[in-house]
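1. what's the 3D shape of this:
(2 chains)
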Amino acid sequence: MGIDYSERIPNNVDLSGDRRLQRALEKWQPAFLDWWMDMGPEGWQAKDVYLRTAVSVDKGGWANFGYVKMPEYRWGIFLTPQEEGRKVGFGDHADEDAWQTVPGEYRNMLQRIIVTQADTEPASVEQQRYLGATAPSLYDLRNLFQVNVEEGRHLWAMVYLLHGYFGRDGREEAEELLARRAGDVDKPRILDAFNQECPDWLTFFCFTTFTDRDGKYQLGALAESGFDPLARTCRFMLTEEAHHLFVGQTGVERVLRRGVELAKQAPDGDARTLGGIRPATVQKYVNYWFSYSLDLFGSEISSNAADFFASGLKGRWQEMKRYDDHVALEAHVPMTVVENGVLTQQHVPMRNAMNEVLRGEYVSDCESVVEKWNKALEQEGSDFRITLPSTRFHRRQGIYADGHFDLQGNPISEEEWEAKRAGWLPSDEERRYVASLMKAVYEPGKMANWIAPPRRGIDGHTVEFEYVRV
Amino acid sequence: MASQPKVTHVESFQTHPSAYKHWKLSFDGPIATLALDIQEGNGLRPDDYELKQNSYDLGVDIELADAVERIRFEHPEVKTVVLTSAQDRIFCAGANIKMLATSTHGFKVNFCRYTNETRCGIEDASENSGIRFLAACNGTAAGGGYELALAADRILLVDDGSSVVSLPEVPLLGVLPGTGGLTRMVDKRGIRRDISDVFCTKAEGFRSRDAVKYRIIDGSFPRSKWDEGVKKVADEMAATASDRSGPGMVLPEVTRPYRWVEVAHDDDGRVATITIQAPTSAPPTTGQALRAEGAATWSVAAMRELDDALLHLRFMHDTIGLILLKTTGDAAQVIAHEEALDALAGSGDWLAREIQLFQARVLRRVDNTAKSMFAIIEPGSCFAGILFELTLAADRSYMLEDEDGEVTVQVTAASAGRFPMSTGITRLGARFVGTPEAIQAALDTDGPIDAPEAFDLGLVTLAPDDIDWEDEIRIAIEERVSLSPDALTGMEQNLRFVGSENCDSKIFGRLSAWQNWIFQRPNAVGDEGALTLYGHPTRPRFDWRRT
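-> Numbers count the residues shown, from 1 in each chain, chains lettered A, B, ... in the order given. Predicted structure coming up:
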């Protein structure tokens, strides 16, 4: 279905046919814009940015490029088309008709899932709002804003579900989404990674690589949902999310390439001498953001995860394509647990291990990203290789949160952890150094010294294209 | 599906702040802070459950009960007690679900009863000792966590956009809030019953805005203003507290064997005998002398021992169905101690009054014990004053009619209202609810009453003579322990709590009866029950028939 742009709120859900919902969303819209003006990209709201806007959910039709002032971006509601006769794919309701309205018995659970996902969308916009002041190029600046407006659109997607299906409660939750603030002591965002600071572009690239990738897997699991409107919403969001991951992955890669290049030029072989970032520093940022993002999947052994699966609300990654047993009551998952400080193996019922199963998919995806980075390092002639730390390293959620582990996941004492953490995670000095490099470059085609240019531009344009009219 | 349910072995009901594992008790002038900081791996059955999310088990509640008693006796300077959490984003998640799911039914009920007594004790400290309690929920208060807050005079919840108060037992576990949550919502706080209905079926609870609106809490502060806000409210509440000047009394550990109480049990015969000995010396008659004797004074020591004995019988001797209550010693000394204490309390000594309040609580612990009780009044016994209350608390009393009339009981002013039952009325009032004139007749007696008179006044159930006595008692015991223990518990609770109900009596009676029933039903504890399957990969399946 095409998107109706004659409406105040672009949509492909026949919003004008549902006056009540339309009124509710039209009431929320100004509050969203106020939030965007308050908490969106600081200082760039009046500028023309070369952005893509979805015009239809069909293949190829979702990316339509042009200059837009961000507050005029056409945020709207886009769902992939309804599949006739779709069934619940897994859990206790497998093969029953998929729900087109919220099943009463799962209302609270479903609302919690949606609110938790929704809360991350505006959070990252808030975390990234000052990055425009230190953009390494107009190309990167444009990518940042593209990510930001799309996170805003994802918020719309979730708010549509809250307004459309959860009544008064849903509307109040939608208001709360605009009231919480990333990192605010009084109204923090729900998940911890979304309260962390994003003070520099290396952090931004790591965040979009690792934290947005969690989003990909969460959306993927929800795209399998037996609650059809959620599944259809998430499917479309996944298409948009892919670009964010691209920004992160290529961003880190460009930092690595440039670091190696500068190290080769430097008389002492240290990239920092010539104002670059050492791959070893990138590794520490990777350690930090990979571990923070692992927390977002929830505890390894979880009754909530079991309930979400049992009730048909949240499946596994590509549940329908990649699994045969969609009831998952018999299977067990081997898991390394900590007992009295010693690692032992335990077999956890599959349903209770759903968070871990999803996390496993995520980790393999991250590994393939790291492979690409390492290929780039190899091409540049560097011996350095990025590695992912163990999933037990530096965790604050789940069954490893209470202990300390080294990069390989071996249990270590608190003293050893304290002694070694500066070698594993970005130190204050390293953060200050990275921050010191963050100077804006707004000349078309020019790049900051610490980052290599991208291989190509956006939408067939060259890297020199004026992606943002400063 | 579930492994064999277990009884938690409780070594001791005695503890001390220096030995607390889960609570941090600190003092700042008139404000005491009790901060919950559960050590996950330090539950009473660490192999079976971890106390996640500041959830509690019996060990945690024993510490709480101890802390409240010590504040009452040892810290007269305290005017407000702030109940809060030392952990991030969570106040308390209530009783540990895994602990409940792996416990025997009997243990669960005993656990609930004990935790209810602790919470009623908090309310008693506020109402009668004038110590104010402020629940400062600096994170989510779920289930028993919110119920703990409900026991306080005022409830604050941090307004951080995510912390909530909730009672998720019905939707999540298929059971009821077990520590008075339902009753306190409607009876104590006067929250509308339809709102309560919504609240108690909404697993994720209410955040501060709605919670304030419906008076589920009293107020909220954002995190940045939290400490300051809590302090301000605590100070305001302190201004309404009673003045309890003068030193208090340190509570040493109650050790076994006891000094004044003897417990003999025959687990095979399912009978225990508790014998309380009268004081052997004259009472302290000044506040100074009372404090010099300290907790060793009979009025405190004997009652603390009785309290401890009851808990041991409840938790560690579940097959014992009948307790024989006996006394021995000089009734005149019992009365002398009682009168001296009453004179001190009358002259405004807060500590003497505190001791009387404690005695009242122990007597209520007797009423609330799910075992049959017979008072046995024989030669050498001293059922006078406070000890006479035990005969009234018992389900039946047997008094030997001896030829010389030396076996006597004695009713004193203590029975006129000093030791109210959970229902708020006296035990004499409960006994003679249909013949109120008999209450006055009993109170009008002066001095020792022999068996025929006691029988005529309705103060004892039976007064067999020498010839019948032994057989009568033997048969009564044998008959009693042959009856269904479940039916007896239900029957006794119905008959003991005569007259109108109040919040406390509903909590013990109505709620525990329903909880008892629901805890036994397949919908909760069957193989497919909600409590059984909580945390398991399978969702519960209910038998939809309403009963």
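2. and A:Leu144, what does it touch?
-> Residues near A:Leu144 by Cβ atoms under 8 Å, 6 or more residues apart in numbering or on different chains: A:41, A:128, A:131-132, A:135, A:204, A:247. Backbone N, C-alpha and C define where each C-beta goes, glycine included.
3. Tell me the one of these nearest B:His312?
-> A:Gln128 (62.1 Å; Cβ to Cβ).
4. How about that closest one, nearest residue that isn't a chain neighbour?
-> A:Cys198 (5.2 Å; Cβ to Cβ, 6 or more residues apart in numbering or on different chains).
5. Tell me the secondary structure at that neighbour.
-> A:Cys198 falls in the coil class when you classify it by DSSP: H, G, I helix; E, B strand; the rest coil.
6. Break down the stretch 251-400 of chain A into its helices, ranges please.
-> Counting by DSSP state H, counting those that start in this stretch, the stretch 251-400 of chain A has helices at residues A:279-295, A:303-310, A:319-322, A:354-379.
7. Which one of the ones you listed lies nearest to B:Ala264?
-> Per Cβ to Cβ, nearest to B:Ala264 of these: helix A:303-310, 46.2 Å.
8. Columns mean pLDDT and distance to B:Gln39 on top of the helices of the stretch 251-400 of chain A, output as JSON lines?
-> Formatted as JSON lines, the helices of the stretch 251-400 of chain A follow (pLDDT from 0 to 100; distance: least, Cβ to Cβ, whole Å):
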{"stretch": "helix A:279-295", "mean pLDDT": "97", "distance to B:Gln39": "23"}
{"stretch": "helix A:303-310", "mean pLDDT": "93", "distance to B:Gln39": "22"}
{"stretch": "helix A:319-322", "mean pLDDT": "94", "distance to B:Gln39": "39"}
{"stretch": "helix A:354-379", "mean pLDDT": "97", "distance to B:Gln39": "25"}
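9. what's the nearest residue to the closest residue to chain A within the stretch 101-250 of chain B if we skip its chain neighbours?
-> Residue nearest to chain A within the stretch 101-250 of chain B: B:Pro222 (3.6 Å; Cβ to the nearest Cβ). Nearest residue to B:Pro222, sequence neighbours excluded (Cβ to Cβ, 6+ apart): A:Asp186, at 3.6 Å.
10. pretty sure the one you found is touching B:Ser224, no?
-> Yes: using Cβ atoms under 8 Å, A:Asp186 makes contact with B:Ser224 at a distance of 5.2 Å.
11. can you tell me the helix or strand for A:Gly215?
-> For A:Gly215, the enclosing helix or strand under DSSP states H and E is helix A:212-222.
12. For that helix, what is the distance to the chain centroid?
-> 7 Å (Cα atoms, centre = their mean, to the nearest Å).
13. what about the residue nearest the centre of chain A, distance to chain B?
-> Compute the mean C-alpha point of chain A, and by Cα atoms, centre = their mean the closest residue is A:Asp212, 1.6 Å away. The spacing between A:Asp212 and chain B, counted by Cβ to the nearest Cβ, to the nearest Å, is 22 Å.
14. neighbours of the residue in the stretch 151-300 of chain A that chain B sits nearest to, just the number please.
-> Closest contact between the stretch 151-300 of chain A and chain B, by Cβ to the nearest Cβ, is at A:Asp186 (3.6 Å). Using other Cβ atoms under 10 Å in any protein chain shown, A:Asp186 has 16 neighbouring residues.
15. How about B:Thr538?
-> The number of residues packed near B:Thr538 is 16, by other Cβ under 10 Å.
16. tell me the contacts of B:Val7?
-> B:103-104, B:106-107, B:318.
17. ok, of the residues you listed, which come out buried?
-> Among these, those classed as buried by 16 or more other Cβ atoms under 10 Å in any protein chain shown are B:103, B:106-107, B:318.
18. so which of those residues are also by chain A?
-> Contacts with chain A are made by none of these, judged by Cβ under 8 Å from any Cβ of the partner chain.
19. got those as TSV, with secondary structure and pLDDT columns?
-> Shown next, in TSV, are the buried ones among the contacts of B:Val7 (DSSP: H, G, I helix; E, B strand; the rest coil; pLDDT from 0 to 100):
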residue	secondary structure	pLDDT
B:Ser103	strand	91
B:Gly106	helix	88
B:Phe107	helix	92
B:Asp318	coil	90
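20. A:Gln228 touches A:Glu96, doesn't it?
-> One thing to correct before we go on: residue A:228 is Asp, not Gln. No: in this structure, A:Asp228 is not within contact of A:Glu96 by Cβ under 8 Å, at 12.0 Å.
21. quick one: which of the two has more around it?
-> A:Asp228 (19 against 13).
22. Leaving out chain neighbours, which residue sits closest to that one?
-> Nearest non-adjacent residue to A:Asp228 (Cβ to Cβ, 6+ apart): A:Ala98, at 4.4 Å.
23. likewise A:Val115?
-> A:Val115 sits nearest to A:Glu173 (Cβ to Cβ, 6+ apart), 5.1 Å away.
24. secondary structure class for the one you found?
-> Secondary structure of A:Glu173, per three-state DSSP, is helix.
25. To what extent is it buried, counted in neighbours?
-> 21.
26. Surely it is in contact with A:His163?
-> No: taking contacts as Cβ under 8 Å, A:Glu173 lies outside contact range of A:His163: 9.4 Å.
27. Could you list the residues of chain B in contact with chain A?
-> Residues of chain B lying near chain A (Cβ under 8 Å from any Cβ): B:40, B:159-162, B:171, B:202-204, B:207, B:222-225, B:534-539.
28. circling back: measure the residue nearest to A:Gln128 to B:Glu123 for me?
-> Distance of A:Cys198 to B:Glu123, given as Cβ to Cβ, to the nearest Å: 49 Å.
29. Likewise for B:Gly424?
-> B:Gly424 is 12 Å from B:Glu123, by Cβ to Cβ.
30. Report pLDDT for the residue in chain A that chain B sits nearest to.
-> Here chain A gets closest to chain B at one residue, A:Arg351, 3.2 Å apart by Cβ to the nearest Cβ. Note on A:Arg351: pLDDT of 96.
31. Once you drop chain neighbours, what's closest to it?
-> B:Pro537 (3.2 Å).
32. which SS state does the one you found fall under?
-> Per three-state DSSP, B:Pro537 ends up coil.
33. Is A:Trp373 in contact with A:Ile386, as I believe?
-> Yes: at 5.0 Å, A:Trp373 counts as touching A:Ile386 under the criterion of Cβ under 8 Å.
34. List the residues that are in contact with both of these two.
-> With Cβ under 8 Å, 6+ apart as the test, A:Trp373 and A:Ile386 both reach A:Leu256.
35. Count the neighbours of the residue of chain A closest to chain B for me.
-> Neighbour tally, A:Arg351, other Cβ under 10 Å: 26.
36. What of the one 4 residues further on?
-> As a burial measure, the neighbour count of A:Asn355 was computed by other Cβ under 10 Å and equals 24.
37. all strands of the stretch 151-300 of chain B, in order?
-> Taking DSSP state E, counting those that start in this stretch, the strands of the stretch 151-300 of chain B run over residues B:154-158, B:164-166, B:206-207, B:219-221, B:261-266, B:271-277.
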